[in-house]
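Trainee: Just to be clear, the model below is a prediction. Sequence and coordinates:
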Amino acid sequence: MLIYREITFDSAHFLPNVPEGHKCRHMHGHTYRLKVFIEGPLTKEGWVIDFKDMKEAMMPIIDVVDHKVLNDIPGLENPTCELLAVWLWDQLKPVLPGLKKVELNETPTSGAIYEGV
Ligand SMILES: Nc1nc2c(c(=O)[nH]1)N=C([C@H](O)[C@H](O)COP(=O)(O)OP(=O)(O)OP(=O)(O)O)CN2
Ligand SMILES: [Zn+2]
């Protein structure tokens, strides 16, 4: 069974590696939407993991990026949606057994999906 929990956070960033003149070289912000997927068997409670426990595992990581400048965070010096999705995966993997996939929307119409290496 695959379950998910979704959360939003607001961050500022700029993309240092895009060409001169690209609008994303300038500091700007996004409301990111992160969907975290966990796969596993049903327990005797009839669930994979308590959604509440998922949220509790996710929140300390979300607190690192929420209302922050992403470029200031070690490992996020070039915070594209793709690299932020990988960073979130790397943070979540040790605290969420069964982590299957992260889906990160940077805008309502664009995003990245990462399932680990
Ligand atoms: N593959 C990627 N492309 C872009 C990324 C990214 O992380 N991965 N990021 C950006 C910028 O962060 C930018 O803020 C988003 O740009 P854009 O998609 O142009 O966003 P808009 O909502 O302004 O889109 P419009 O269609 O122009 O309204 C850029 N690309
Ligand atoms: Zn952006």
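Mentor: Received, thanks. Residues are numbered from 1 along each chain as shown. Ligands and ions are numbered 1, 2, ... in the order given.

Trainee: When you work out contacts or count neighbours from here on, use the C-alpha atoms and nothing else.
Mentor: Fine.

Trainee: Show me which residues of the protein are close to ligand 1?
Mentor: Proximity of the chain to ligand 1, by CA under 6 Å from any ligand atom, involves residues 24, 80-82, 107.

Trainee: Those residues: which two are farthest apart?
Mentor: Greatest spatial distance in the residues of the chain next to ligand 1: Cys24 and Glu82, 14.6 Å, computed using CA to CA.

Trainee: What's the first helix or strand after the helix or strand where Leu84 lies?
Mentor: Taking DSSP states H and E as the criterion, Leu84 maps to helix 81-92. Heading C-terminal from helix 81-92, the first helix or strand you meet, by DSSP H and E, is strand 99-107.

Trainee: And stretch 48-58, what's buried?
Mentor: The neighbour-count check on stretch 48-58 (16 or more other CA atoms under 10 Å) flags 48-49, 54, 58 as buried.

Trainee: Show me where this structure has its strands.
Mentor: 2-13, 28-39, 68-69, 99-107, 110-114 (DSSP state E).

Trainee: helices or strands up against the first one?
Mentor: Contact here means 3 or more CA pairs under 8 Å, 6 or more residues apart in numbering; DSSP states H and E; on that basis strand 2-13 packs against strand 28-39, helix 51-65, strand 68-69.

Trainee: again with the last one
Mentor: Applying 3+ CA pairs under 8 Å, 6+ apart, we find strand 110-114 packed against helix 81-92, strand 99-107.

Trainee: Touching the helix holding Leu84 from outside, list them.
Mentor: 57-58, 61, 75-76, 99, 101-106, 111-116 (CA atoms under 8 Å, 6 or more residues apart in numbering).

Trainee: Centre of the chain to that helix, how far?
Mentor: Distance of helix 81-92 from its chain centroid, counting by CA atoms, centre = their mean, to the nearest Å, is 6 Å.

Trainee: Point me to the residue sitting farthest from the middle of the protein.
Mentor: Lys44 (29.5 Å; CA atoms, centre = their mean).

Trainee: Can you tell me how far that residue is from Asp50?
Mentor: Using CA to CA, to the nearest Å, we find Lys44 at a distance of 12 Å from Asp50.

Trainee: Kindly report the same for Ala57.
Mentor: From Ala57 to Asp50 the distance is 11 Å (CA to CA).
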